[in-house]
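Enquirer: Kindly return the folded structure for what I paste below:
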Amino acid sequence: MRTNQKKAFTLTELLIVLAILAILAVIAIPVVSGLLKKGNDTSEDVNAAYFTSIMQKYAVEEVETAAHYPRLSTSGGADSEYHIFSEKAGQGTFPGYNIIANTGNAEALAKIRKEAVIAIKAFGDTAVSDDYFIPPPADDDYEYVYYYLTGDVKKVKRDDLNTTSADELLNGVINVSDYWVYLSRDGGSGAALGGVDGDTGFLFVQVIQYGTGEPLTGATVTVNAGAKSFSATTAEGQRGFVGFSGVPVGSVNVSVSYPGAVTFPNSSFYSKSGEIVISGTGYEGCQMNCPYIVELKLGSLGSLGFYEEKVTWTGSDWNETRTKITTSTVTTSTFTANTSLSPSARSETYISNLHTTGGTQELMTSDKYLIYGHYNLSVSAYGYRTYTEAVESKVFGIDNAAGKYSGYTSPYEYPIVMRSPNGKTTLIGYVQWENSSQPLRGTPSGLSGTWVNSNTSVSGRVKVTNIATGTAYYSDYFSSPTEGKFYYGINNLPDGEYKFELDTPYKYVNMSNFPSTFTVDGRLLDISGQVKKSEAGSGNVTGTVTYDSLGNYDPIPAQR
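Expert: From the prediction side, this is the model:
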């Protein structure tokens, strides 16, 4: 009798399997933990960006809107969350922009952190502790840090944090990224600024772009205080801030310059003078020591776009389409200042190869910029007529006299339609017969001649007549068609109004699919349509008809 026996694993085999599993575990655990850590890192970076957006939103809120933040506590009177928030919101002294004056560092930093965390609580569902800090990231060596001079929140490794020294501060070496507080733990923080120290104080200037509110990098700020002068340049990542210490108390003058900008101050472009007074609470007209903001007026941020325009007949109406010119075409765009309307404007000329620039011309380049004001624009290029127009240069681009782009809130492209010179316009299109039985070229008047009942050729051509001069212009006779369409073209048409006709011995046609008249103004024209069948009707016709019994030479085969 045969019995079924199952063979068991040997001890050696079991040890091998366990060894393999151990090796796989050693490999897999770091991979899995790495993926989890990467997921945590991504989530924490998103949190930091979210907190930053809250700070920026807090910065632009009006004080009245504070009543709409139900998460804030109202208990505690002047120390309540709601009171602190509503007191700060919309008054120019808010997290990210206020410099605390006349307080000790520890007190100042605690106040900054409290205001920042209250703002985050007001705008989101983030949990905060009673001591006003948010839960730390999963990474043990990292914290959420609030940079209170720039308004940014970042997940930062503790060892990478810098603080400014007293010597640097007093000597005017101020890096705004050195001023921060922890949001997610207790402990030390970056330096907090005091106010006036003896006969000197601190001044922070933020340079932003007029019209957009974006901070500018590379702007040179100069502060003149009597015999003393201070200068600094806004750097990448500093949100347009520069700071100065040791500024004498009293009247000082601030000037700002930037490539492609109107230097501040300039009475023609700015309502404020640039002169401020340093005092124990910052400068006059400002609660506490918040930054002096300069909205630097640059040249126009817009561009010119160069196009050819095609006007197409749709069978009942006209349709305009534009194609950007990207061939190797050199354009010269000259803005001549209209000083009677804009005394401070200055003329500027741009020369562009449209193939290189992709059919555009930026109005602010490394060495050219267009100051705001009124100009007479002239654009010329070989093979095109000169384009002229009165325009006004504004923040985001130029505008025409009709104010077509008034109110636009982002840099935009102003379209320039380049047209053929007078006498160089081209008309193209096709003609399609409804009835294929049409006369061939060479058919004389009457019925004698050669006829056809296939779509191989038709005796005819397009005729356009200048209404003012009476001059007629013809296309070539129609050649063999493509898909039943007889294409044509007429070059070198002068500007003017024209009558559209067909020159053909076949007199009984219906031209309702074509325009009776059209305008030539330098734009490419496309007039296409179908000639509808229209019979002669009743009446007598005399002539010579020759055909044989097979139907050859039948002049009217469709009627046979």
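
Enquirer: give me every residue that touches P411.
Expert: 301-303, 396-397 (Cβ atoms under 8 Å, 6 or more residues apart in numbering). Any C-beta I mention is one placed from the backbone N, CA and C, and that applies to glycine too.

Enquirer: Correction: the previous question concerned V262.
Expert: 268-270, 296-299, 371-372.

Enquirer: Which entries within those residues meet the buried criterion?
Expert: 269-270, 296-299, 371-372 (16 or more other Cβ atoms under 10 Å).

Enquirer: hang on, the earlier thing: can you add neighbour count and pLDDT and give the contacts of P411 back as TSV?
Expert: Output for the contacts of P411, formatted as TSV (neighbours: other Cβ atoms under 10 Å; pLDDT from 0 to 100):
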residue	neighbour count	pLDDT
L301	21	86
G302	25	92
S303	17	95
F396	20	89
G397	22	93
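
Enquirer: Out of those residues, list just those in strands.
Expert: S303 (DSSP state E).

Enquirer: Which pair of the contacts of P411 spans the longest distance?
Expert: For the contacts of P411, the maximum inter-member distance is 10.1 Å, found between S303 and F396 (Cβ to Cβ).

Enquirer: can you list residues touching both of the two?
Expert: Residues touching both S303 and F396 (Cβ under 8 Å, 6+ apart) are 411-412.

Enquirer: and stretch 24-35, what's its mean pLDDT?
Expert: Averaging pLDDT along stretch 24-35 yields 59.

Enquirer: do the same with stretch 250-261
Expert: Average pLDDT, stretch 250-261: 89.

Enquirer: For that stretch, which residues meet the burial criterion?
Expert: Under the neighbour-count criterion of 16+ other Cβ under 10 Å, stretch 250-261 has 252, 254-258, 260-261 buried.

Enquirer: among the residues you listed, which two are most distant?
Expert: Most distant of these, by Cβ to Cβ, are V252 and G260, 26.2 Å apart.

Enquirer: which residue sits closest to F241, ignoring its sequence neighbours?
Expert: V176 (4.6 Å; Cβ to Cβ, 6 or more residues apart in numbering).

Enquirer: Enumerate every residue touching the one you found.
Expert: With the criterion set at Cβ under 8 Å, 6+ apart, V176 makes contact with 147, 149-150, 204, 238-239, 241-243.

Enquirer: so can I have CSV of the residues you listed showing distance to S75 and secondary structure?
Expert: Output for the contacts of V176, formatted as CSV (distance: Cβ to Cβ, whole Å; DSSP: H, G, I helix; E, B strand; the rest coil):
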residue, distance to S75, secondary structure
Y147, 30, strand
L149, 31, coil
T150, 32, coil
F204, 35, strand
Q238, 39, coil
R239, 35, coil
F241, 36, strand
V242, 41, strand
G243, 37, strand
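
Enquirer: from those residues, which is closest to V417?
Expert: R239 (40.8 Å).

Enquirer: Tell me, what's the model's pLDDT at the closest one?
Expert: Per-residue confidence (pLDDT) for R239: 83.

Enquirer: So what's the residue count around it?
Expert: 24 (other Cβ atoms under 10 Å).

Enquirer: State the number of residues packed around G489.
Expert: G489, neighbours per other Cβ under 10 Å, totals 11.

Enquirer: In a helix, D159, correct?
Expert: Yes - counting by DSSP: H, G, I helix; E, B strand; the rest coil, D159 is found in a helix.

Enquirer: Distance of it relative to G187?
Expert: As judged by Cβ to Cβ, to the nearest Å, D159 and G187 stand 13 Å apart.

Enquirer: Which parts of the chain belong to which domain?
Expert: 24-158, 195-298, 303-308+323-417, 425-559 (automatic domain parsing).

Enquirer: weakest of those in terms of mean pLDDT?
Expert: Ranked by mean pLDDT, the domains of the chain bottom out at domain 425-559, which scores a mean of 74.

Enquirer: how about D139, secondary structure?
Expert: D139 ends up coil, using three-state DSSP.

Enquirer: quick one: which helix or strand includes V277?
Expert: Counting by DSSP states H and E, the secondary-structure element that holds V277 is strand 275-279.

Enquirer: Does anything pack onto that strand? Which helices or strands?
Expert: Judged by 3 or more Cβ pairs under 8 Å, 6 or more residues apart in numbering; DSSP states H and E, the packing partners of strand 275-279 are strand 200-209, strand 250-257.

Enquirer: With distance to A138 added, can I get these in a markdown table?
Expert: Below are the helices and strands packed on strand 275-279 laid out as a markdown table (distance: least, Cβ to Cβ, whole Å):
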| stretch | distance to A138 |
| --- | --- |
| strand 200-209 | 34 |
| strand 250-257 | 43 |
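
Enquirer: what's the closest of the ones you listed to D317?
Expert: strand 200-209 (43.6 Å).

Enquirer: then the next helix or strand along the chain from that closest one to PDB, C-alphas only?
Expert: Next in sequence after strand 200-209, counting helices and strands by DSSP H and E, comes strand 220-225. Output in PDB follows, covering the C-alpha atoms of strand 220-225 (Å, rounded to 0.1, in the frame of the first residue of the first chain):
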ATOM      1  CA  THR A 220      19.700 100.800  -3.000                       C
ATOM      2  CA  VAL A 221      18.400 102.700   0.100                       C
ATOM      3  CA  THR A 222      20.300 105.700   1.400                       C
ATOM      4  CA  VAL A 223      19.600 107.500   4.600                       C
ATOM      5  CA  ASN A 224      21.100 110.900   5.200                       C
ATOM      6  CA  ALA A 225      21.100 112.300   8.700                       C
END
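
Enquirer: quick one: strands adjacent to strand 220-225?
Expert: strand 228-233 (antiparallel), strand 250-257 (antiparallel) (DSSP bridges).

Enquirer: one step back: name the strands paired with the strand holding V277 and say parallel or antiparallel.
Expert: Strand 275-279 has its sheet partners listed here by DSSP bridges as strand 250-257 (antiparallel), strand 282-283 (antiparallel).

Enquirer: which parts of that strand are buried?
Expert: Residues 276, 278-279 are the ones in strand 275-279 that count as buried (16+ other Cβ under 10 Å).

Enquirer: next one: stretch 96-112
Expert: Buried residues in stretch 96-112 (16+ other Cβ under 10 Å): 96-101, 103, 108-112.

Enquirer: Likewise for stretch 123-137?
Expert: Buried residues in stretch 123-137 (16+ other Cβ under 10 Å): 123-124, 126, 128, 132-134, 136-137.

Enquirer: neighbouring contacts of that stretch?
Expert: Residues from elsewhere that reach stretch 123-137 (Cβ under 8 Å, 6+ apart): 40, 44, 47, 50-51, 54, 57-58, 69, 113-114, 117-118, 120-121, 142-144, 155, 182-186.

Enquirer: Could you tell me the end-to-end distance of that stretch?
Expert: 20 Å (Cα to Cα, to the nearest Å).

Enquirer: where along the stretch 251-400 of the chain do the helices fall?
Expert: Secondary structure of the stretch 251-400 of the chain (DSSP state H, counting those that start in this stretch): helices at 354-357.
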